[in-house]
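Visitor: this is a predicted model, with the sequence first.
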Amino acid sequence: MNSPMSRFENGDPGKSSPAATDAEPGHGRAASTAVWLKSSFCQSGECVEVSAVDGMVLMRDSKAPQAGTLCFSSDEFDAFVRGAVAGEFSNLVAR
């Protein structure tokens, strides 16, 4: 499926791009082995990045990756993504 968070391979819109990997406080090896993805819908480059490691989903702020990561189970992240797709958080975004 070609979703906005699918892996970036060729620069096409609607795909995400891998970001550099750095060790981060609080998640040790998991964060250091992470391949970070961000949506190509991120025009400023200052966006949320996600990575899947050892069955968990890590999330960080791309403009401050050294600030650490949030860690979610795959079920928690799946529930969030389904809610976002359903528009449950649309009121949080100014358009």
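Guide: Happy to help now that I have it. Residues are numbered from 1 along each chain as shown.
Visitor: how about the helices in this protein?
Guide: Ranges of helices within the chain are 28-32, 74-85, based on DSSP state H.
Visitor: residue 61 contacts residue 45, correct?
Guide: No: using C-beta atoms under 8 Å, residue 61 is not in contact with residue 45, being 11.7 Å away. Backbone N, C-alpha and C define where each C-beta goes, glycine included.
Visitor: these two - which one has more neighbours?
Guide: Per other C-beta atoms under 10 Å, whichever of residue 61 and residue 45 has more neighbours is residue 61, with 15 against 10.
Visitor: now that one: how far from residue 87?
Guide: As judged by C-beta to C-beta, to the nearest Å, residue 61 and residue 87 stand 24 Å apart.
Visitor: hmm, back to that, comparing the helices of the chain, which gets the lowest mean pLDDT score?
Guide: Mean pLDDT values for the helices of the chain show the minimum at helix 28-32, a mean of 56.
Visitor: redo the helices of the chain as JSON lines? Include distance to residue 94 and mean neighbour count.
Guide: Formatted as JSON lines, these follow (distance: least, C-beta to C-beta, whole Å; neighbours: other C-beta atoms under 10 Å):
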{"stretch": "helix 28-32", "distance to residue 94": "31", "mean neighbour count": "15"}
{"stretch": "helix 74-85", "distance to residue 94": "16", "mean neighbour count": "12"}
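Visitor: dump those into a markdown table; add distance to residue 56 as well.
Guide: Output for those, formatted as a markdown table (distance: least, C-beta to C-beta, whole Å):
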| stretch | distance to residue 56 |
| --- | --- |
| helix 28-32 | 7 |
| helix 74-85 | 7 |
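Visitor: residue 65: which of these is closest?
Guide: helix 28-32 (9.1 Å; C-beta to C-beta).
Visitor: nice, that's everything, thank you.
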